[in-house]
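In: What shape does this take:
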Amino acid sequence: QTKIRHISILLMNIQNEKPRFLSPTNAMISNDDTDMIHKPITILREKVVVVGDEACGKSTIIQMFLSSCHNYTKNYMATTSVKFHVKDVILPEFPSISVDLFIYDIPGQSVFNQRECISKHLKEASFILCVFDISSMASFQSCTKWIELVKAANLESERGHIPCFVVGNKNDLRDGGIDSREEVDGDDATSFVKQNGFEYFECSALKGGTDVERPFLSIISKVVDDHTKKAL
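Out: Below is the predicted model of the structure:
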């Protein structure tokens with residue numbers, strides 16, 4: 001199982017920096033609060049914009065990922081402004097590479113769905129993580145709108161293609177037989193992502209956070225894989 005470790009690094013004006021590849025630097029890697037050693041490490045920074053309709057669980061998924069599935073938000077509060085988070089992750093098979101995910105939680109209410117309100121936060125995106133609620137067909141149908149909104153904000157970006165990861169949240173609502181609240185069939189979601197060249201994940205942010213880390217770890221694996229290929 002992939003372990004997520006936190007890294008103590010001096011980052012100046014981190015919120016104003018654009019995600020980019022950095023040269024190897026000396027960072028302080030800590031396995032606990034008392035054991036600090038210096039070791040060369042390559043830091044890779046990537047911006048992930050998390051989009052989707054209101055109440056589909058974007059913020060909860062992010063919080064569960066940031067807390068390693070220990071911080072489940074019981075009381076729902078709509079995100080009314082763009083929230084910014086940073087998570088440092090080291091894959092055990094690549095101990096000399098740290099991936100810093102700059103995660104932007106984009107509000108989903110209709111009043112915020114205007115291009116001028118959020119487009120500046122969508123620029124320079126490295127990855128799109130589009131979340132929908134499997135009990136809401138409307139949120140699934142909105143995925144195309146959200147993805148195109150991010151792409152439109154990055155037309156002048158030097159990155160070109162932006163990989164997209166679609167996440168069907170609340171798959172626990174498929175349980176219960178005739179009491180199931182499922183509106184989006186897994187096959188329909190799979191067909192949608194295949195037609196568009198996206199990747200698809202399902203999860204439940206409820207309680208233990210079933211599979212909420214998988215899309216983020218897939219992004220991290222892609223970042224590390226692309227970096228190691230370039231280094232050859």
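In: buried stuff in the longest strand seen in the chain?
Out: With secondary structure taken from DSSP state E, the chain has its longest strand at strand 36-51. Under the neighbour-count criterion of 16 or more other Cβ atoms under 10 Å, strand 36-51 has 41-51 buried. (Each C-beta comes from the backbone N, C-alpha and C, glycine too.)
In: Using TSV, lay out the residues you listed together with distance to P95 and pLDDT.
Out: Shown next, in TSV, are these (distance: Cβ to Cβ, whole Å; pLDDT from 0 to 100):
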residue	distance to P95	pLDDT
I41	8	90
T42	11	94
I43	13	95
L44	14	96
R45	18	96
E46	19	97
K47	24	97
V48	22	98
V49	28	97
V50	27	97
V51	32	96
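In: Let's have those residues in TSV, adding distance to T60.
Out: Formatted as TSV, the buried residues of strand 36-51 follow (distance: Cβ to Cβ, whole Å):
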residue	distance to T60
I41	31
T42	31
I43	28
L44	26
R45	25
E46	22
K47	21
V48	16
V49	17
V50	11
V51	15
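In: the inter-axis angle of the longest helix along the chain versus strand 36-51?
Out: Looking across the chain with DSSP state H, the single longest helix is helix 214-231. Calculated by axes from the mean of the first three to the mean of the last three Cα atoms, to 10 degrees, helix 214-231 forms an angle of 120 degrees with strand 36-51.
In: Need the contact partners of helix 214-231.
Out: Residues outside helix 214-231 that contact it (Cβ atoms under 8 Å, 6 or more residues apart in numbering): 2, 21, 42, 44, 46, 48, 65, 87, 89, 91, 94, 97, 99, 101, 126-127, 129, 163, 165, 167, 199, 201, 203.
In: Please pick the buried ones from those residues.
Out: Neighbour counting over these (16+ other Cβ under 10 Å) leaves 42, 44, 46, 48, 65, 87, 89, 91, 94, 97, 99, 101, 126-127, 129, 163, 165, 167, 199, 201, 203 as the buried ones.
In: now, which of those residues lie within helices?
Out: Using DSSP H, those in helices are F65.
In: need the helix or strand of this protein with the lowest average pLDDT.
Out: Lowest on mean pLDDT, DSSP states H and E among the helices and strands of the chain sits strand 7-8, with a mean of 34.
In: average pLDDT across the longest helix of the chain?
Out: For helix 214-231, mean pLDDT is 94.
In: for it, the distance to its chain's centre please.
Out: Offset of helix 214-231 from its chain centre (Cα atoms, centre = their mean, to the nearest Å): 13 Å.
In: What residues sit buried inside that helix?
Out: Across helix 214-231, burial judged by 16+ other Cβ under 10 Å covers 214-224.
In: from the residues you listed, which is closest to W146?
Out: W146 has its nearest neighbour among the buried residues of helix 214-231 in P215, at 14.9 Å by Cβ to Cβ.
In: where does this protein dip in pLDDT?
Out: Scanning the chain for pLDDT under 70 picks out the ranges 1-38, 71-80, 110-117, 176-179, 207.
In: Which strand or helix spans L206?
Out: Using DSSP states H and E, L206 is not contained in any helix or strand.
In: Ignoring the adjacent residues along the chain, who's closest to it?
Out: D172 (5.3 Å; Cβ to Cβ, 6 or more residues apart in numbering).
In: Pretty sure A205 is one of the things the one you found touches, is it not?
Out: No - with contact defined as Cβ atoms under 8 Å, D172 does not count as touching A205 (9.1 Å).
In: Settle it for me: which of those two has more neighbours?
Out: A205 (26 against 16; other Cβ atoms under 10 Å).
In: For L101, see how far away that one is.
Out: According to Cβ to Cβ, to the nearest Å, A205 stands 17 Å off from L101.
In: Touching, I62 and Y104? I think so.
Out: No - using Cβ under 8 Å, I62 is not in contact with Y104, being 9.6 Å away.
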